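Colleague: The sequence and its predicted three-dimensional model are supplied below.
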Amino acid sequence: MVKQSILDNNQRLKQEVDAVAEVAGYLWQKGWAERNGGNITVNITEHVDDAVKALPAISPVYQIGTTLPHLRGCYFYCKGTQMRMRDLARWPMDNGSIIRIMDDCASYVIIADKAVKPTSELPSHLAVHDYLLAKGSPYRASLHTHPIELVALTHNKKFMEKDVATRMLWSMIPETKAFCPRGLGMVPYMLPSSVELADATIKAIDDDYDVVMWEKHGVFAVDTDIMAAFDQVDVLNKAALIYIAAKNMGFEPDGMTDAQMKELSDVFGLAK
Ligand code: 2HA
Ligand code: ZN
């Protein structure tokens, strides 16, 4: 007999988890997800039906470590701690799980399919989701990954200054500004998984960035769904690759002019 999955009777939920698996495969193929690198969480509350709500816990009650008042009764798909993106791509419910936030907004239980403990970055991911809900944002997905060329950029202090990397990346190819219109926020190096890093990330998102760079580590991106979050990182990293290709040809790329970028913003109605 084929083993039952929570996804078997819920097509919308299955589509969400399938998208996470597809993105996890891209992260591995791009070389952005070595070992257990990166994490993904998706707020799936709107896809949860009464059958899922009735499911019992399959884990003890775990503390989040902080209280997040907007997450009461929310459900999340989370990559499992120590799990590999390349495994998640094929077996998303063996390398991740679905959790329910308890009424105290400070603890959670796992409800499906297996008791896979969520990512070590869960408190920071959940803090971001709490912030997004508080703000009335339609964003439901958050992605942390290690895009090689974007991380390399942060090893140069010049690119850590506010919007220096953004302007360079936008000027490489018009699509970058069109599809990543808020640019790339910069957060100076902080210890992975630390509360300070989570707080600085939320501050950068609040400062109006969808993609935030963690110096010498990786990106944290938010968007409506996981594919859209991935697309923003992919577009930015493509721009970094064009910059590097020009440098490898032995010259500093000209970049689009300020007038060309302003025209783009006017015609496409872009934020900045
Ligand atoms: O969870 O990438 O920064 C794996 C990481 C942490
Ligand atoms: Zn990381």
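Modeller: Sure thing, it's come through. Ligands and ions are numbered 1, 2, ... in the order given.
Colleague: Which secondary structure state is assigned to the closest residue to Glu161 other than its chain neighbours?
Modeller: Of all residues not flanking Glu161 in the chain, Met186 sits nearest, at 7.6 Å (CB to CB, 6 or more residues apart in numbering). Placement of C-beta: from N, CA and C, glycine included. Three-state assignment for Met186 (DSSP: H, G, I helix; E, B strand; the rest coil): strand.
Colleague: What does the pLDDT read for Met186?
Modeller: Met186 carries a pLDDT value of 98.
Colleague: my read: it touches Ala204, true?
Modeller: Yes - at 7.4 Å, Met186 counts as touching Ala204 under the criterion of CB atoms under 8 Å.
Colleague: quick one on the thing from earlier: residues contacting the residue nearest to Glu161?
Modeller: For Met186, the contacting residues are Thr154, Phe159, Met160, Glu161, Lys162, Ala165, Ala204, Val212, Met213, Glu215, by CB atoms under 8 Å, 6 or more residues apart in numbering.
Colleague: Now do the SS call for the fifth one.
Modeller: Following three-state DSSP, we place Lys162 in the coil state.
Colleague: residue of the stretch 101-250 of the chain with the smallest distance to ligand 1?
Modeller: For the stretch 101-250 of the chain and ligand 1, the shortest gap (CB to the nearest ligand atom) falls at Pro192, measuring 4.1 Å.
Colleague: Count the neighbours of that residue for me.
Modeller: 13 (other CB atoms under 10 Å).
Colleague: So it sits against Lys216, correct?
Modeller: No - the criterion here is CB under 8 Å, and Pro192 misses it with Lys216 at 10.5 Å.
Colleague: related to what we said a few turns ago, backbone dihedrals for the residue of the stretch 101-250 of the chain closest to ligand 1, both of them.
Modeller: The phi and psi torsions at Pro192 (degrees, to the nearest 10) take the values phi -50, psi 140.
Colleague: ok, now Tyr108?
Modeller: As for Tyr108, its main-chain torsions (degrees, to the nearest 10) stand at phi -150, psi 160.
Colleague: how much space is there between Asn156 and Met186?
Modeller: 12 Å (CB to CB, to the nearest Å).
Colleague: Just give the nearest non-adjacent residue to the residue nearest to the spatial centre of the chain, would you?
Modeller: In the chain, the C-alpha nearest the mean C-alpha coordinate belongs to Leu143, at 1.5 Å (CA atoms, centre = their mean). Once flanking residues are discounted, Leu143 sits nearest to Ala229: 4.4 Å by CB to CB, 6+ apart.
Colleague: Distance-wise, check the one you found relative to Met190.
Modeller: Ala229 is 21 Å from Met190, by CB to CB.
Colleague: likewise Val212?
Modeller: Val212 is 12 Å from Met190, by CB to CB.
Colleague: In terms of neighbours, single out the busier of those two.
Modeller: Taking other CB under 10 Å, Val212 and Met190 do not tie; Val212 has more neighbours (23 against 17).
Colleague: The more buried one in helix, strand or coil?
Modeller: Once three-state DSSP is applied, Val212 turns out strand.
Colleague: isn't it right up against Pro188?
Modeller: No - using CB under 8 Å, Val212 makes no contact with Pro188, being 11.4 Å away.
Colleague: Helices of the stretch 151-272 of the chain, start to end?
Modeller: Ranges of helices within the stretch 151-272 of the chain are 157-160, 164-170, 174-179, 195-206, 226-248, 258-268, based on DSSP state H, counting those that start in this stretch.
Colleague: okay if I get those helices as TSV plus mean neighbour count, distance to Ala33 and mean pLDDT?
Modeller: TSV is the format used below for these (neighbours: other CB atoms under 10 Å; distance: least, CB to CB, whole Å; pLDDT from 0 to 100):
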stretch	mean neighbour count	distance to Ala33	mean pLDDT
helix 157-160	14	23	98
helix 164-170	22	21	98
helix 174-179	19	22	96
helix 195-206	18	19	96
helix 226-248	19	11	98
helix 258-268	13	31	94
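Colleague: Not counting sequence-adjacent ones, nearest residue to Asp103?
Modeller: Arg72 (5.8 Å).
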